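Q: sequence unknown, structure follows:
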Ligand SMILES: [Zn+2]
Ligand SMILES: [Zn+2]
């Protein structure tokens, strides 16, 4: 089979790789139906994270089960399945507490931008759809493998409730998914921070009531104008830089919580916006498997359409072009089909 391998920054190749096989009795092997490139894959592509040796890459996928190990019970050959960006057993103390990203036995994959994927801990990682999905549902099901669950996690961590005033910092696929999540949870005022017209349009489509195009202090001032100087009840931080975390914290009203899902690239937190305002910061990697049953149902019933975050589709064989398009910001998120 063929799959994507990153050799060095800027150098992703679609090349021949060994066919995945059942290694442990809890494994499944799936045939990939769609995969995608994550913003976090770009760290290595851009040289922000190291590439010490050629490494299979990708962690977002949907597919059809081809083979299962002898201990797999919940998925069967032929099932259409979604899995999260990390594997989990769905049974250890952390999973039972809903913290699947910290599963005692979980881990990553050997590259999901590939024609076939070995899924460790298949029972605790995969969720099968009720039947084969209509083709138009596939982008939204694929979005559940990371971005939609991550945006949802931000809204859960921020404590979004019906009637909340919410600010979402970040207009990438995760930030847009956060807008969709907050809207679904009943946010009354939903302010998306975005300066790109195309992403503003998706944010509006996902339920944003207001757009703030400014960043930094100007962005905070605009939020304060929109909220009569109070600030937001809940803030979703979906970027992870020093500036975006500061903007998120400063946009929060006293006593509010910032849901933090932008992977942090920061050295310190601004205490003046936290301790002295009783503002909290809560978040981390999303426990995808915890959210999958509810969100898969919402997609299946066509009540949410998170797949709208994909604005470019390419054959999997052109995975290198997908990286370039996202790196050069010609695309927000690229869907790949074998
Ligand atoms: Zn991802
Ligand atoms: Zn676990």
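A: Ah, there it is. Because the structure is predicted, anything quoted here is derived from the model rather than measured. Ligands and ions are numbered 1, 2, ... in the order given.
Q: Residues of the protein that sit close to ligand 1?
A: For the chain, the residues in contact with ligand 1 (CB under 5 Å from the ion) are 38, 85, 146. All C-beta atoms are positioned from the backbone trio N, CA, C, and that covers glycine.
Q: Looking at those, which one is closest to ligand 2?
A: The closest of the residues of the chain next to ligand 1 to ligand 2 turns out to be residue 85 (CB to the ion; 14.9 Å).
Q: circling back to that earlier point, from the residues of the chain next to ligand 1, pick the one nearest residue 316.
A: Comparing the residues of the chain next to ligand 1 against residue 316 with CB to CB places residue 38 closest, at 14.9 Å.
Q: Do you know the pLDDT at that closest one?
A: Reported pLDDT at residue 38 in the predicted model: 95.
Q: Just list the residues touching it, thanks.
A: 58, 59, 60, 85, 146, 147 (CB atoms under 8 Å, 6 or more residues apart in numbering).
Q: Could you verify my assumption that the fourth one touches residue 60?
A: Think residue 85. Yes - with contact defined as CB atoms under 8 Å, residue 85 counts as touching residue 60 (6.1 Å).
Q: Can you pull the residues that touch both of the two?
A: Overlap of the contact sets of residue 85 and residue 60 (by CB under 8 Å, 6+ apart) consists of 38, 145, 146.
Q: what about the closest residue to residue 29 other than its chain neighbours, is that helix, strand or coil?
A: In space, and not counting its chain neighbours, residue 29 is closest to residue 67: 4.5 Å by CB to CB, 6 or more residues apart in numbering. Three-state assignment for residue 67 (DSSP: H, G, I helix; E, B strand; the rest coil): strand.
Q: same deal with the one 10 residues further on?
A: Recorded secondary structure, residue 77: coil (three-state DSSP).
Q: ok, the closest residue to it other than its chain neighbours - contacts?
A: Residue nearest to residue 77 in three dimensions, not counting chain neighbours: residue 65, with 5.2 Å by CB to CB, 6+ apart. For residue 65, the set of contacting residues under the criterion of CB under 8 Å, 6+ apart consists of 28, 29, 30, 75, 76, 77, 78, 79, 81, 122, 126, 128.
Q: Now for these: which two are most distant?
A: In terms of CB to CB, the contacts of residue 65 reach their longest pairwise distance at 29 and 128, which sit 14.8 Å apart.
Q: neighbour-wise, which of those two wins?
A: Neighbour count, other CB atoms under 10 Å: between residue 29 and residue 128, residue 29 has more, with 21 against 16.
Q: helix, strand or coil for the more buried one?
A: Residue 29, by the three-state scheme (three-state DSSP), is strand.
Q: Quickly check the contacts of residue 38 for the two that are furthest apart.
A: With distance counted by CB to CB, no two of the contacts of residue 38 lie farther apart than 58 and 147, which are 13.8 Å apart.
Q: Who has more neighbours out of these two?
A: Under the neighbour definition other CB under 10 Å, residue 58 and residue 147 were set side by side, and residue 147 has more, 32 against 27.
Q: which residues sit in contact with the residue nearest to that one when sequence neighbours are not counted?
A: Using CB to CB, 6+ apart and skipping residues adjacent in sequence, the residue nearest residue 147 is residue 173, 4.3 Å away. Going by CB under 8 Å, 6+ apart, residue 173 touches 39, 143, 147, 309, 332, 333.
Q: can you give me phi and psi for residue 173?
A: With angles defined as degrees, to the nearest 10, residue 173 sits at phi -60, psi -40.
Q: per-residue confidence for it?
A: With respect to pLDDT, residue 173 has a value of 97.
Q: ChimeraX command for the buried members of the contacts of residue 65?
A: In ChimeraX, this line selects whichever of those come out buried by 16 or more other CB atoms under 10 Å:
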select :28,29,30,75,79,81,122,126,128
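Q: JSON lines please, covering the contacts of residue 65 and showing pLDDT and distance to ligand 2.
A: Converted to JSON lines, those look like this (pLDDT from 0 to 100; distance: CB to the ion, whole Å):
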{"residue": "28", "pLDDT": "98", "distance to ligand 2": "17"}
{"residue": "29", "pLDDT": "98", "distance to ligand 2": "21"}
{"residue": "30", "pLDDT": "98", "distance to ligand 2": "20"}
{"residue": "75", "pLDDT": "98", "distance to ligand 2": "17"}
{"residue": "76", "pLDDT": "98", "distance to ligand 2": "22"}
{"residue": "77", "pLDDT": "98", "distance to ligand 2": "25"}
{"residue": "78", "pLDDT": "98", "distance to ligand 2": "26"}
{"residue": "79", "pLDDT": "98", "distance to ligand 2": "21"}
{"residue": "81", "pLDDT": "98", "distance to ligand 2": "18"}
{"residue": "122", "pLDDT": "98", "distance to ligand 2": "14"}
{"residue": "126", "pLDDT": "98", "distance to ligand 2": "14"}
{"residue": "128", "pLDDT": "98", "distance to ligand 2": "19"}
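Q: Of the contacts of residue 173, keep whichever come out buried.
A: Buried subset of the contacts of residue 173 (neighbour count, 16+ other CB under 10 Å): 39, 143, 147, 309, 332, 333.
Q: Find the helix or strand that residue 219 is a member of.
A: Secondary-structure assignment from DSSP states H and E places residue 219 in helix 216-226.
Q: which secondary structure elements does the helix or strand following that helix contact?
A: Later in the chain than helix 216-226, the nearest helix or strand by DSSP H and E is strand 232-237. Applying 3 or more CB pairs under 8 Å, 6 or more residues apart in numbering; DSSP states H and E, one finds that strand 232-237 contacts helix 147-158, strand 165-169, helix 173-184, helix 242-251, strand 252-260.
Q: Alright, I will stop here.
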